[in-house]
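Visitor: Sharing a model prediction with you, sequence too.
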Amino acid sequence: MRVVSLVPSLTEAVAVTAPGLLVGATDWCTHPAGLAATRIGGTKNPDVAAVLALGPDLVVANEEENREPDLAALRAAGTEVLVTRIRTLDQAFEELDRLLVTACGLTRPGWLDEAEAAWAALPPPRAPRRAIVPVWRRPWMVLGRDTFAGDLLARLGVENVYADHAERYPRIPLDVLAAVGADLVVLPDEPYRFTTDDGPEAFPALPAALVDGRYLTWYGPSLVRAPAALRAALR
């Protein structure tokens, strides 16, 4: 079987489970290291002709990360496209099983069972801390409603202040963020690369938790280590 992945975390899931199955991946697919797959552009601007030239049996996509016109063009050319929808941890486990076992015909990988066990073993969260979770600046954008990262944080005892916002990634002015009454600010290093020198200074009144964006936003083998890594960062 020949698979092209348009989603970095799903690229890692396929490549770790069945090395050699993946023939194409995006320029943003950084894991696993040394991935030997043809690069076909970005998640938002894949080279459709390059994808088709690889002769894939399956193209893997995500409803949030990829654009429907690109997926429609692939389907119109006769290519099967599997579009995942992942906005909670439970959905991630379900979609990973659907991709790897049902669509690719693989044996369910041990890492997926380990990931489920790691998250199930979390102790009940204490009284939640209210957090702002920026994902971009200039302009400032934060996690809003119905996001995978927000669900993970909730399981770790961190309540997203904007979880009930009408938008999934609302733009909120910095002065409004500062006055919202949060207990901390959570700063991932992707999609915007927040660092100790770029981000915390905008919220001088709040403790800042710098977290690995891969553990917060990727759904794949990283989910095995994510609970411990995120708990340590949030601590």
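Guide: Yep, it's here. Residues are numbered from 1 along each chain as shown.
Visitor: where do the helices sit along this protein?
Guide: Applying DSSP state H to the chain gives helices spanning 8-17, 48-53, 68-76, 89-97, 110-120, 148-155, 174-178, 213-217, 226-234.
Visitor: Output the below-cut-off pLDDT ranges for the protein.
Guide: Along the chain, no part satisfies pLDDT under 70.
Visitor: List the contacts of Asp151.
Guide: 87-89 (CB atoms under 8 Å, 6 or more residues apart in numbering). (Each C-beta comes from the backbone N, C-alpha and C, glycine too.)
Visitor: Correction: the previous question concerned Ile86.
Guide: Counted by CB under 8 Å, 6+ apart, Ile86 has contacts 62, 64, 92, 95, 148, 219.
Visitor: and if you look at Leu52?
Guide: 74, 77, 79.
Visitor: Turn the residues you listed into CSV, columns for distance to Val3 and neighbour count.
Guide: Output for the contacts of Leu52, formatted as CSV (distance: CB to CB, whole Å; neighbours: other CB atoms under 10 Å):
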residue, distance to Val3, neighbour count
Leu74, 13, 22
Ala77, 16, 11
Thr79, 11, 19
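Visitor: how close does the closest residue to Pro32 other than its chain neighbours sit to Cys29?
Guide: Leaving aside its sequence neighbours, Pro32 sits nearest to Ala15 (CB to CB, 6 or more residues apart in numbering; 5.5 Å). Relative to Cys29, Ala15 is positioned 8 Å away (CB to CB, to the nearest Å).
Visitor: With Thr217 instead?
Guide: 14 Å.
Visitor: and what of Asp175?
Guide: On the measure of CB to CB, Asp175 and Cys29 end up 38 Å apart.
Visitor: higher neighbour count, the two?
Guide: Cys29 (23 against 9; other CB atoms under 10 Å).
Visitor: ok, now which ones touch that one?
Guide: 5, 8, 11-12, 35, 37, 39.
Visitor: what about it, distance to Phe93?
Guide: 21 Å.
Visitor: Kindly report the same for Ala179.
Guide: Going from Ala179 to Phe93 by CB to CB gives 38 Å.
Visitor: more crowded one of those two?
Guide: Shown here are Ala179 and Phe93; by other CB under 10 Å, Phe93 has more neighbours (18 against 10).
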